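Peer 1: Only the shape, not the letters, is given here:
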């Protein structure tokens, strides 16, 4: 066997048998001088048509000034490169490649070596949020709509002068480089040139220096000098030889599931990123905090991770199904088009939510998406036994608030945190025959019974369903109106409504709601809710002043829609930058009943940035007689921010200084008053006005500092209603030092900061794991 036969085998397109034969040849225990006739590396002059498209290996012309000739490269045994799997971050930008974690890469490599490249092997990666199809080399999102992205089994990488990171070669290109490298290492022959049909050239100077030169036609036409056209790319072999941060794998155990609902518009931060990308950042922050603040619990296996899944409703509202964008576009003025497009795509969502038609679309989309994701998650994680929480940002928090307010629980069933709820009990007050006799429509009893329809099934029918059964328009309207108006839950008929008292507004005497509660015989507590949250349209004859729905009525100011039911009972509701308080006030609600709780959710946290222009408080609507400061969210490093500590120190110093000044003045005045003045007779039992004023002022300042400490202690002990189980509701973040210089400048950013806030993520983790009995560990500074 001569050298020409060996070199031909490094060309791409060879099968595994040829590659095995090549490796068996180069590993044969025969000296190199017996294998080759000369030391120069050439290619056969007579090439077949197939071989003309293959890369050509030749000896690179040595440079007299090159330092590579001076290197004495001893022969080292060839070691096969260890591949690592990468994925393209975006389907549009093909240059943004990121590595899988080592655990995911090993799973992909095992599937590949076990024949996954030939069959339809699928591997779950990235916390089982993505599926990789080995044969297609594509990564597909599981829980949201996203274009599939490419996946590569990477062994060789390159980086140009203007590149910030190494990029992986295509697999065929890498295989060719690996074969050439194997020959060079085995024969200890370097300074070889490998020409590719595309015009690119790779020169193997030595094991530590391999360069790629691009053809002139592929270079940038706007280069400043010819020397820039010949600048090579640096080539590296193996992922260990490049500077890339391989992420840590996520724990397989999921302790808690959180659904996150976005606010207005398709973008969620100042970088105009989608809810998917923002939730990815929040999830990454939570994983980092778990590793630092629950380190020992993770090592012991008691703590896994929290899964965060995005809920997108904006695309459904502005999609082709509603056609609202086309309707708005027809009436939009052509001037300042970008500003009008931003208004139509973002700000109008607030108005859409206050429209009965589009509010129904938004609420249905949010509830159906959450239920779908919940079912899919349990299908992919059958071992999951944890609880579920929901997070809403901006308008998303108001959507969840209205949705949770209008949930219902079956008779005798307690709200279980995060557990799937049973099917609500049917709303029965008559049999089907009795209902039709009452409506004088008994002639349609046989028609409905032929379709096996009872009252429960009839309640799910729409007008089109009854029309298909041949029922005329008049009887259809009677039946639907009967279901809408007359049906109430069994709990309401028996007077055992499990919904607690709700948000209250003062009812003027003689109002519609007051008259209805008196005429219907309901108790004052039951008149706050006219029934459970049955999903039916409003009848303004029964206008409720509370927040819950019964008899199809709505809360004061709420839109007339049908509120769907969630498939589980959330454990906690977190609101980020929420306008809930403002919307409740605009709807006419004066205060929230301290005894009110969500029907199926026990805990509620209102989290906001102090400069957020959209955020409003909740506690003053519950406890109006006490001026409570919001709870300060601790810094994730376990301290106050330095500028806040400085502000507190200066406040204490100022208070101490005033106390000392007034004390000195009082002492001086007393000394002056005791001077022996013969012309002034002593006045017994009286104090001068100035001395009395000084004593009162000093006493006030002496009591000021203890009162501040007592107030802080009392704020922790005050029960702020039952909306959060008696605990505090309003929690405020600490502003950054640079934000304190101009609060107006950072107002918009403050409303969008929650997705990257480690303090917010740590508060969520603390509340979640406190309920699991796992204490927070303070990291070492």
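Peer 2: Sure, I can see it. Keep in mind the model is a prediction, meaning the values are calculated, not measured. Numbers count the residues shown, from 1 in each chain.
Peer 1: ok, so what distance separates residue 86 from residue 210?
Peer 2: Distance check for residue 86 against residue 210: by C-beta to C-beta, to the nearest Å, it reads 19 Å. (C-beta placed from N, C-alpha, C; glycine too.)
Peer 1: now residue 381
Peer 2: From residue 381 to residue 210 the distance is 45 Å (C-beta to C-beta).
Peer 1: These two - which one has more neighbours?
Peer 2: Shown here are residue 381 and residue 210; by other C-beta atoms under 10 Å, residue 210 has more neighbours (24 against 16).
Peer 1: was I right about the more buried one contacting residue 193?
Peer 2: No: Residue 210 lies out of contact with residue 193 (C-beta atoms under 8 Å); the separation is 11.1 Å.
Peer 1: okay, and the common contacts of these two?
Peer 2: 202, 203, 204 (C-beta atoms under 8 Å, 6 or more residues apart in numbering).
Peer 1: What is the burial count for the second one?
Peer 2: Going back to what we said before, that points to residue 203. Residue 203, neighbours per other C-beta under 10 Å, totals 22.
Peer 1: Same question for the one 10 residues further on.
Peer 2: Per other C-beta under 10 Å, the neighbour tally for residue 213 reads 17.
Peer 1: Show me what the residue lying closest to it once chain neighbours are set aside is bridged to.
Peer 2: In space, residue 213 comes closest to residue 201 once its chain neighbours are excluded; the distance is 4.5 Å by C-beta to C-beta, 6 or more residues apart in numbering. Under DSSP bridges, the beta-bridge partners of residue 201 are residue 195, residue 213.
Peer 1: what residues are up against residue 201?
Peer 2: By C-beta under 8 Å, 6+ apart, the neighbours of residue 201 are 193, 194, 195, 212, 213, 215.
Peer 1: does the fourth one really touch residue 232, like I thought?
Peer 2: Think residue 212. Yes: counting by C-beta under 8 Å, residue 232 is a contact partner of residue 212 at 5.9 Å.
Peer 1: who's more crowded, these two?
Peer 2: Between residue 212 and residue 232, counted using other C-beta under 10 Å, residue 212 has the larger neighbour count: 21 against 16.
Peer 1: Apart from its neighbours in sequence, what residue is nearest that one?
Peer 2: residue 233 is the one closest to residue 212 (C-beta to C-beta, 6+ apart), at 4.2 Å.
Peer 1: Quick check: phi and psi at that neighbour.
Peer 2: phi -100, psi 140 (degrees, to the nearest 10).
Peer 1: can I assume it is in contact with residue 214?
Peer 2: Yes: using C-beta under 8 Å, residue 233 is in contact with residue 214, at 7.3 Å.
Peer 1: if we look at stretch 237-249, which residues are touching it?
Peer 2: Outside stretch 237-249, the residues touching it (C-beta under 8 Å, 6+ apart) are 81-82, 84, 99-104, 154-157, 159, 165-166, 177-178, 181, 210, 236, 287, 291.
Peer 1: Mind doing that once more with 7 Å?
Peer 2: Outside stretch 237-249, the residues that touch it by C-beta atoms under 7 Å, 6 or more residues apart in numbering are 81-82, 84, 99, 101-104, 154-157, 165-166, 181, 236.
Peer 1: Highest neighbour count among these?
Peer 2: Highest neighbour count within the contacts of stretch 237-249, by other C-beta under 10 Å: residue 156, with 28 neighbours.
Peer 1: Can you classify the spatially closest residue to it that is not a sequence neighbour as helix, strand or coil?
Peer 2: Excluding its sequence neighbours, the residue lying closest to residue 156 (C-beta to C-beta, 6+ apart) is residue 174, at 4.2 Å. Here residue 174 is recorded as helix under DSSP: H, G, I helix; E, B strand; the rest coil.
Peer 1: Check the gap between residue 174 and residue 755 for me.
Peer 2: From residue 174 to residue 755 the distance is 37 Å (C-beta to C-beta).
Peer 1: pLDDT below threshold where in the stretch 601-750 of the chain?
Peer 2: By pLDDT under 70, the low-scoring segments of the stretch 601-750 of the chain are 639-659, 661-666, 668-717.
Peer 1: how about the nearest residue to residue 467, chain neighbours excluded?
Peer 2: residue 476 (6.5 Å).
Peer 1: and the one you found, how many neighbours?
Peer 2: Residues within reach of residue 476, counting by other C-beta under 10 Å, total 20.
Peer 1: List the buried residues in the helix or strand it falls within.
Peer 2: Using DSSP states H and E, residue 476 falls within helix 473-486. Buried residues in helix 473-486, defined by neighbour count with 16 or more other C-beta atoms under 10 Å: 475, 476, 478, 479, 480, 482, 483, 484.
Peer 1: Helix, strand, or coil at residue 282?
Peer 2: helix.
Peer 1: how about it, what does it touch?
Peer 2: Residue 282 touches 308, 755, 761, counting by C-beta under 7 Å, 6+ apart.
Peer 1: Secondary structure element for the last one, which one?
Peer 2: Under DSSP H and E, the secondary-structure element containing residue 761 is helix 758-770.
Peer 1: In contact with residue 349, which residues?
Peer 2: With C-beta under 7 Å, 6+ apart, residue 349 has these contacts: 264, 265, 395.
Peer 1: Touching, the second one and residue 348? I think so.
Peer 2: Think residue 265. No: using C-beta atoms under 7 Å, residue 265 is not in contact with residue 348; the gap is 9.4 Å.
Peer 1: Those two: who's more crowded?
Peer 2: Neighbour count, other C-beta under 10 Å: between residue 265 and residue 348, residue 348 has more, with 20 against 17.
Peer 1: Report the spatially nearest residue to residue 482, omitting neighbours in sequence.
Peer 2: residue 439 (5.9 Å).
Peer 1: check contacts around the one you found.
Peer 2: 478, 479, 482.
Peer 1: For the second one, give its distance to residue 464.
Peer 2: The gap separating residue 479 from residue 464 is 13 Å, by C-beta to C-beta.
Peer 1: same deal with the last one?
Peer 2: From residue 482 across to residue 464, the span is 18 Å (C-beta to C-beta).
Peer 1: Now do the same contact list for the residue nearest to residue 212.
Peer 2: Residue 233 touches 158, 159, 160, 211, 212, counting by C-beta under 7 Å, 6+ apart.
Peer 1: just to revisit the earlier point, packing partners for the helix holding residue 476?
Peer 2: Contacts defined by 3 or more C-beta pairs under 7 Å, 6 or more residues apart in numbering; DSSP states H and E place helix 473-486 against helix 463-468.
Peer 1: cutoff 10 Å now
Peer 2: Contacts defined by 3 or more C-beta pairs under 10 Å, 6 or more residues apart in numbering; DSSP states H and E place helix 473-486 against helix 432-438, helix 455-459, helix 463-468.
Peer 1: For the stretch 151-300 of the chain, give me the ranges with low pLDDT.
Peer 2: 216-230.
Peer 1: Next up, identify which helix or strand the residue nearest to residue 774 when sequence neighbours are not counted is on.
Peer 2: Leaving aside its chain neighbours, residue 774 sits nearest to residue 297 (5.4 Å; criterion: C-beta to C-beta, 6+ apart). For residue 297, the enclosing helix or strand under DSSP H and E is helix 295-300.
Peer 1: okay, how far is it across stretch 90-106, tip to tip?
Peer 2: 23 Å (C-alpha to C-alpha, to the nearest Å).
Peer 1: List the residues that contact residue 448.
Peer 2: Applying C-beta atoms under 10 Å, 6 or more residues apart in numbering, we find residue 448 in contact with 432-433, 436, 441, 454-455, 457-458, 461, 466, 469, 471, 479.
Peer 1: how about it, secondary structure?
Peer 2: helix.
Peer 1: just to revisit the earlier point, quick check: the residue nearest to residue 482 vs residue 460, distance?
Peer 2: 18 Å.
Peer 1: Show me what the helix or strand harbouring residue 362 is packed up against.
Peer 2: Using DSSP H and E, residue 362 sits within helix 356-380. If you count contacts as 3+ C-beta pairs under 10 Å, 6+ apart, helix 356-380 packs onto strand 254-261, strand 305-311, helix 314-317, helix 324-330, helix 348-353, strand 387-393, helix 395-405.
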